[in-house]
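1. I'll drop the sequence and a predicted model, then ask my questions.
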Amino acid sequence: MRGEGNRVALLEVSKVTKRFGGLVAVHQLDMTVNNGQILGLIGPNGAGKTTLFNLIAGYYKPDEGQVVFQGKDITGLKPYDVCRLGLARTFQTTKPFMESSLIDNVVIGALMQDHNVANAKKIALNIVDMLGFGEIAYAPGHELTVPDRKRLEVARALATGAKLLLLDEPMAGLTPTEKAHTVALLRRINEQGTTLVVVEHDMKAVMTLCPHIVLLDRGEKLVEGTPQEVTSDPRAIAAYLGEEYVAT
Amino acid sequence: MEQETGMRALAQRLGRRVVIIAALTVAAIIPLVVHNPYAIHIGILIFLYGYLATAWGLVGQSGQLSFGHAAFLGLGAYTSTILFNQAGVTPWLGMLAGGGIAMAAGAGIGYPTLRLRGVYFALATLAFAYSLQIFVRTTNWLGPIRIGAGPGLHVLLVNGGNAPSLFQFPSKEPYYYIALGMVAGIVALSYYLNRTRIGYYWAAIRGDPDAAESLGISVARYRIRAFLLSCFLTGLGGTFYAQYFLALDPRRVLGVSLSIEIALVGIVGGWQSVFGPLLGSLVLIPIGQLTRAQLGSSLPGLHLLIYGVILMLFIQFLPQGLNSPVMRGLRWAEAKVWRPREYSTYERGGK
C-alpha cells in the first residue's frame, strides 16, 4: 500500500511528557514516523494530538523526553528553527495572513527555500497550480472560504520545502467531496516525497489515506498499527471508535 | 494569458509612477512659485512628519507600536548638536552618529522586549522616552559633555546661519528640499523593502505571529530589524529637526506629546502601509498648523482637542487609515483612465 514508507525513521519521539499544571496532556509517549510514510493520528478530543504537534514543532517545550528529527535532537528548538530543518506544521484553526493574497501567503512559505522573491513566486505558483486554486489565487486571505483556508494551510507548509508535514485536521469542516479531493491531494504530495502525519477525526478518510495509525487517549498511546489492527482492537473501540466498528 | 497579465502589470506600474512623478514635480516647484515663508514652513513640517511617521511605521509594519519615538529623534538631535557645538563635527556627519546612537538605544530596548508578545514593547518605548527626558532635563554636564538640562541646547550659528557645509542655511528653501529628499528617500526605501523578503515576512508577522513562526520566520529577529532601522532613520530626522529649529527644548524634542504626534500621523495615514504615514502628514499637519494659528491665542489647547476628535473619528470609521481608500481610489482611477477596457479583469486580478 502507498504511504507505508521505507522503515527509516525520520522522526522519533521518545518518552515525551508535557504537563499543564496538574494535568498531564502527554505522558511518556513514544512514536516513530518513517521516511515516506503517511501516519494517521487519531483519538478523542483532549487526547493530546494537537499538544503532541506543538511539542514536536517547537511551540511547547517537553517536560521530559526527546524529539529527534533526521537524526538531530530538536527537543526545545524554536518553531522557526524546526521549520528550517525541514519540519512544517499546519493549524487546526486556520491562520491565513489576512491582508496578503493567497499566492503571497504561499510565497511567504516558499521564501524559506529561496530568499529571492521572484524565485519564491515560481515555487509558489507551482504549488498553487498543483493544489488547483485557480482564480482565487489572487484573492486576499480574508476572502477565503474554510475549504480554501484548509488547503492554503497545506500549500504554505508545503512551500517551505519541508520533508515532514504535521497536518492538524486538514479535512475538518469539509464536505465528503472536498474530503475525497484532499485525500487524493495528500496522496499526491506524499508520492512526491513528503512524509505526512495527519490528525483527523473522519475515520473513513483516515482509513483510506493512512496505512499506519496511532491512537492516543488521555495523553498516552493506546493502540498502533494498520487500520485493520486498530479498528479491531477492543481498547480502541472502547476509547474512541464506538460499537459501530466492532463488526468489521 | 501571460502576455495579458504582463501588460496589465506594466499599465499598473506606469500608472502609479505617473502619480508619483506628478506629486514630486509639484512638490519641487512649490518653492519657486510660492514665496510665503509660512507656507514653506508648513511644507517642511509635512515632509518632516511624513518622514518621522514613515520611519515609525516600519515598526508598525512588523506588527508593533512604539509610543516613544521622540526619544530616538531626541538622541539624534542631541548627538549631532553636541558633536557640533563641542567638537566642531559637521552635522552632516553628526547625523550618522546620531542615527547610530538612536539605533544602539533601540537595541537596548528591543532585544529584551521584542521577544515577548503583548504590550511590553509599547510600554518600554514609552517608559524609555519618559526617563530619557527626565535624565536630560536634570543633567547639565555628563562628564565633559554639555547636555544643557532644562533650558536645552542651541546649535551654534556660524556666519549668521549661512554655512551649507555645516547644515545651516539662511532661508527655508534649502531645508524644504532636504526634507523633500528625505521623505522621498524613506518612502522609496519602505516601498522597496515591501517587495523583498523582509517585507513579506513583516506582512506574515503582522498577519499571524504563530503562523509566521511555523513557516521558518523568527518573529523577534524581524521585529528587531524593523525597530533598529526605524530608530536609525528617526535619529537622522532628529538632526534635521535640530538644524531647522536650531534649538533643542527637552520638553519638546523628548516629549511624550511628540511621540504621540508621530504615532498619530502614522495611525491616521495607515500605520502598516507604505504611503500611509506620508498621507497622514499631508492631512494632519496643515489642520494642526491652521487650527493652532487661528485658535492658538484665543483658545489655547483647542487645536489639541480637535486633533483628539479627528483621531477618534479615524479609529471609528477608518481604522486602516487614509491609505486604503486613497489607494482604492487611485487603482480605480488608473483602471478608468489608463486602461479603461481592462477595468473588469483589473478589479479581479488586483492585489
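-> Cool, the structure landed. Numbers count the residues shown, from 1 in each chain, chains lettered A, B, ... in the order given.
2. closest point of chain A to chain B, which residue?
-> residue A:97 (3.1 Å; CB to the nearest CB). (Glycine included, C-beta is placed from N, CA and C.)
3. so which helix or strand takes in that residue?
-> Assigned by DSSP states H and E, residue A:97 falls within no helix or strand.
4. which ones are touching it?
-> A:104, A:105, A:108, A:141, B:203, B:204, B:207, B:208, B:211, B:212 (CB atoms under 8 Å, 6 or more residues apart in numbering or on different chains).
5. Just read off the phi/psi values of the closest residue to the fourth one other than its chain neighbours.
-> What that stands for is residue A:141. Of all residues not flanking residue A:141 in the chain, residue A:96 sits nearest, at 3.6 Å (CB to CB, 6 or more residues apart in numbering or on different chains). Per-residue torsions, residue A:96: phi -70, psi 150 (degrees, to the nearest 10).
6. how about the residue nearest to the spatial centre of chain A, secondary structure?
-> In chain A, the residue lying closest to the centroid (CA atoms, centre = their mean) is residue A:167, at 1.9 Å. Residue A:167 falls in the strand class when you classify it by DSSP: H, G, I helix; E, B strand; the rest coil.
7. List the residues that contact it.
-> Contacts of residue A:167 by CB under 8 Å, 6+ apart are A:89, A:90, A:153, A:154, A:157, A:186, A:196, A:197, A:198, A:199.
8. Across the sheet, point out what pairs with it.
-> residue A:198 (DSSP bridges).
9. Setting aside sequence-adjacent positions, which residue approaches residue 90 most closely?
-> I'll assume chain A. Excluding the flanking residues, the one nearest residue A:90 by CB to CB, 6+ apart is residue A:153, at 3.8 Å.
10. meant chain B actually
-> Computed as CB to CB, 6+ apart, the closest residue to residue B:90 that is not its neighbour in sequence is residue B:166, at 5.3 Å.
11. The one you found: neighbour count?
-> 21 (other CB atoms under 10 Å in any protein chain shown).
12. thinking again about what came up before, my guess is the residue nearest to residue A:90 contacts residue A:169, does it?
-> No. Counting by CB atoms under 8 Å, no contact exists between residue A:153 and residue A:169, whose distance comes to 9.7 Å.
13. More neighbours: these two, which one.
-> Taking other CB under 10 Å, residue A:153 and residue A:169 do not tie; residue A:153 has more neighbours (27 against 21).
14. For chain A, give me the ranges with low pLDDT.
-> The model of chain A has pLDDT under 70 over residues A:1-2, A:243-248.
15. Apologies, that question was intended for chain B.
-> Using pLDDT under 70, the flagged stretches of chain B are B:1-16, B:296, B:336-351.
16. Around chain A, pick out the residues from it.
-> Contact residues (CB under 8 Å from any CB of the partner chain) of chain B with chain A: B:195-197, B:200-201, B:203-204, B:206-208, B:210-219, B:348-351.
17. Which ones among these map onto helices?
-> The helices in this structure, assigned by DSSP state H, contain B:197, B:200-201, B:203-204, B:206-207, B:210-214, B:219, B:348-349 from those.
18. From the residues you listed, keep the buried residues only.
-> The neighbour-count test (16 or more other CB atoms under 10 Å in any protein chain shown) applied to these identifies B:197, B:200-201, B:203-204, B:206-207, B:211-214, B:219, B:349 as buried.
19. need these in TSV with distance to residue B:237, can you?
-> TSV is the format used below for those (distance: CB to CB, whole Å):
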residue	distance to residue B:237
B:197	26
B:200	27
B:201	25
B:203	25
B:204	28
B:206	23
B:207	29
B:211	34
B:212	29
B:213	32
B:214	36
B:219	27
B:349	38
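20. where along chain A do the helices fall?
-> Per DSSP H, chain A carries helices over the ranges A:49-57, A:79-84, A:102-110, A:117-130, A:146-159, A:176-191, A:203-209, A:227-231, A:234-236.
21. sorry, back to before: give me the distance between the residue nearest to the centre of chain A and residue B:96.
-> Counting by CB to CB, to the nearest Å, the gap from residue A:167 to residue B:96 is 50 Å.
22. if I pick whichever residue of the stretch 201-350 of chain B sits closest to chain A, what's in contact with it?
-> The minimum distance from the stretch 201-350 of chain B to chain A, using CB to the nearest CB, falls at residue B:207 (3.1 Å). When contacts are counted by CB under 8 Å, 6+ apart, residue B:207 touches A:95, A:96, A:97, A:98, A:99, A:100, A:141.
23. Which secondary structure elements does the helix or strand residue B:334 falls within sit against?
-> In the assignment (DSSP H and E), residue B:334 maps to helix B:323-337. If contacts are counted by 3 or more CB pairs under 8 Å, 6 or more residues apart in numbering or on different chains; DSSP states H and E, helix B:323-337 sits against helix B:2-33, helix B:276-295, helix B:343-349.
24. Can you point out the buried residues in it?
-> Buried positions in helix B:323-337, judged by neighbour count with 16+ other CB under 10 Å: B:323, B:326, B:327, B:331, B:334, B:335.
25. Keeping just the C-alphas, turn it into PDB.
-> Extracted in PDB, the C-alpha atoms of helix B:323-337 (Å, rounded to 0.1, in the frame of the first residue of the first chain):
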ATOM      1  CA  ASN B 323      -4.100  54.800   2.900                       C
ATOM      2  CA  SER B 324      -6.700  52.200   2.000                       C
ATOM      3  CA  PRO B 325      -9.400  54.500   0.500                       C
ATOM      4  CA  VAL B 326      -6.800  56.600  -1.300                       C
ATOM      5  CA  MET B 327      -5.200  53.500  -2.800                       C
ATOM      6  CA  ARG B 328      -8.600  52.100  -3.800                       C
ATOM      7  CA  GLY B 329      -9.400  55.400  -5.500                       C
ATOM      8  CA  LEU B 330      -6.100  55.500  -7.300                       C
ATOM      9  CA  ARG B 331      -6.500  52.000  -8.500                       C
ATOM     10  CA  TRP B 332      -9.900  52.800  -9.800                       C
ATOM     11  CA  ALA B 333      -8.800  56.000 -11.500                       C
ATOM     12  CA  GLU B 334      -5.900  54.100 -13.000                       C
ATOM     13  CA  ALA B 335      -8.200  51.500 -14.400                       C
ATOM     14  CA  LYS B 336     -10.600  54.100 -15.700                       C
ATOM     15  CA  VAL B 337      -8.100  56.500 -17.100                       C
END
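26. That helix vs helix B:276-295, what angle?
-> Helix B:323-337 and helix B:276-295 are oriented at 110 degrees to each other (axes from the mean of the first three to the mean of the last three CA atoms, to 10 degrees).
27. From what I see, residue A:125 and residue A:104 are in contact.
-> No. The criterion here is CB under 8 Å, and residue A:125 misses it with residue A:104 at 11.5 Å.
28. Between these two, point out the one with more neighbours.
-> residue A:104 (23 against 15).
29. Is it correct that that one is in contact with residue B:200?
-> Yes. In this structure residue A:104 lies within contact range of residue B:200 using CB under 8 Å: 6.8 Å.
30. tally of neighbours for residue A:76?
-> Using other CB under 10 Å, residue A:76 has 14 other residues around it.
31. Report the contact partners of it.
-> A:58, A:61, A:62 are the contacts of residue A:76 under CB under 8 Å, 6+ apart.
32. which one is residue B:306 nearest to, not counting chain neighbours?
-> Ranked by CB to CB, 6+ apart and with sequence neighbours excluded, the top spatial neighbour of residue B:306 is residue B:291, at 5.2 Å.
33. Show the contacting residues for the one you found.
-> Counted by CB under 8 Å, 6+ apart, residue B:291 has contacts B:302, B:303, B:306.
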